[in-house]
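1. Need a 3D model of the following:
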Amino acid sequence: MPRTLDPDVRRALAARIRYYNEMGIYDFYRRPATVRTVEIASAIANEEEIAVSQHSLDPGEEMSPRKATAVAIPVAEENIFEVIALKPEQSVSDPVKALKIIREDLGDCTRCVLHKQGRKQIVFGVGNPKAELMFVGEGPGADEDAQGEPFVGRAGQLLNNMIKAMGIERQDVYIANIVKCRPPGNRTPEREECDTCSPFLMRQIAVVKPKVIVALGAVAAKTLLAMNASMMQLRGRFYDFRPAGLRSNDPNWDGCKLAVTYHPAFLLRDPRQKGEAWKDLQMVMKELGMKAPKANA
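-> Predicted structure coming up:
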């Protein structure tokens, strides 16, 4: 027989939901229901008038900046609520069309302050929508802002050379950034800017479904991994990675490996670290079963 939800637990849950609502998080789902989870879901729905269910966005609906942020809410012992973002692109099998849907959802974005700090255009992403390998940087620079494509300046030329050294071409991989607007003066993106923009990157990753992601630099690494550590600590190993707040519509893809290396712009400033970056890429190549091309005699 169902038990009555303890009033203290109910109030605690209601307070927690209000907290996440204030952060801009509204979509919640529940794991396979038990009698206890049904009670809790019903109580929260009555208290906060929110829907605890799988929620699909309409193609034209505006996405709250933090809707796709992964959140785990401890409830009672084994019962846990998590945010899940069921996005319109998940009903599309063609990754080209799916990426287009995400780009249309992004629109002429004004979600953070970067839109009014001198950007010329949004820099979405480029490359093979079915790539096994994906590179993620921190944000566009002046050349990228002018051309609307990531990594086309001096750092981009070095990245192209790094990709060629792996035995593949730029068009074989997918390239994107944590933030899609140029920070003024090429400054480091701020935390709020990364948190606001990264949900769109997570959706891109879920569409491309790479086998390996290479995070270029500390900002990309710390944002994707949600951890604060030095490059020395982050490099040299693989991390299991799944896009925060999303589940892929492909049952055969449950995430990928993530490696960290230096940003090409940093390598331009300190060429001595190119050898270390090459070690990171060799680790990635081994994971993907790739062999470096033989040097010309």
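2. In the longest helix seen in the chain, which residues are buried?
-> Longest helix in the chain by number of residues (criterion: DSSP state H): helix 191-208. Buried positions in helix 191-208, judged by neighbour count with 16 or more other Cβ atoms under 10 Å: 193-208. Heads up, the C-betas are built off the backbone N, CA and C, glycines and all.
3. Specify which member of these is nearest to Asp240.
-> Ile205 (13.5 Å; Cβ to Cβ).
4. who's in contact with the residue nearest to that closest one when sequence neighbours are not counted?
-> Nearest residue to Ile205, sequence neighbours excluded (Cβ to Cβ, 6 or more residues apart in numbering): Pro243, at 4.7 Å. Applying Cβ atoms under 8 Å, 6 or more residues apart in numbering to Pro243 gives the contacts 202-203, 205-206, 255.
5. what's the distance between Pro243 and Asp172?
-> 21 Å (Cβ to Cβ, to the nearest Å).
6. try Cys194
-> 27 Å.
7. again, but for Cys112
-> To Asp172, Cys112 is 32 Å away according to Cβ to Cβ.
8. Quick check: which element contains Phe135?
-> strand 133-137 (DSSP states H and E).
9. Would you give the sheet partners of that strand, along with the direction of each?
-> Applying DSSP bridges, strand 133-137 is found paired with strand 174-177 (parallel), strand 212-216 (parallel).
10. Quick check: buried residues in the following helix or strand past that strand?
-> Remark: after strand 133-137, the chain's next helix or strand is helix 142-147, criterion DSSP H and E. Buried residues in helix 142-147, defined by neighbour count with 16+ other Cβ under 10 Å: 143-145.
11. Show residues contacting helix 142-147.
-> 119-121, 123, 150-154, 156, 181-182, 186.
12. Output the lowest mean pLDDT helix or strand found in this protein.
-> strand 72-76 (a mean of 36; mean pLDDT, DSSP states H and E).
13. so which helix or strand takes in the closest residue to Cys194 other than its chain neighbours?
-> In this structure, Cys194 finds its nearest non-sequential neighbour in Thr223, 4.8 Å apart by Cβ to Cβ, 6+ apart. Element membership of Thr223 [criterion: DSSP H and E] is helix 218-225.
14. Against which helices or strands is that helix packed?
-> strand 133-137, helix 191-208, strand 212-216, helix 231-234, strand 239-241, strand 256-261 (3 or more Cβ pairs under 8 Å, 6 or more residues apart in numbering; DSSP states H and E).
15. Any chance of these in CSV with distance to Trp278 as columns?
-> As requested, the helices and strands packed on helix 218-225 are arranged in CSV below (distance: least, Cβ to Cβ, whole Å):
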stretch, distance to Trp278
strand 133-137, 15
helix 191-208, 24
strand 212-216, 12
helix 231-234, 15
strand 239-241, 20
strand 256-261, 9
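16. what about the closest residue to Arg242 other than its chain neighbours, how many neighbours?
-> Nearest non-adjacent residue to Arg242, counting by Cβ to Cβ, 6+ apart: Gly255, 3.7 Å away. By other Cβ atoms under 10 Å, the residues close to Gly255 number 18.
17. who touches Gly255 in this structure?
-> Contacts of Gly255 by Cβ under 8 Å, 6+ apart are 240-243.
18. Highest neighbour count among those residues?
-> Pro243 (24 neighbours).
19. is it fair to say it lies in a strand?
-> No - assessed with DSSP: H, G, I helix; E, B strand; the rest coil, Pro243 is coil; it does not lie in a strand.
20. Could you report the distance from it to Asn249?
-> 12 Å.
21. same thing with Pro293?
-> 36 Å.
22. again with Leu106
-> 19 Å.
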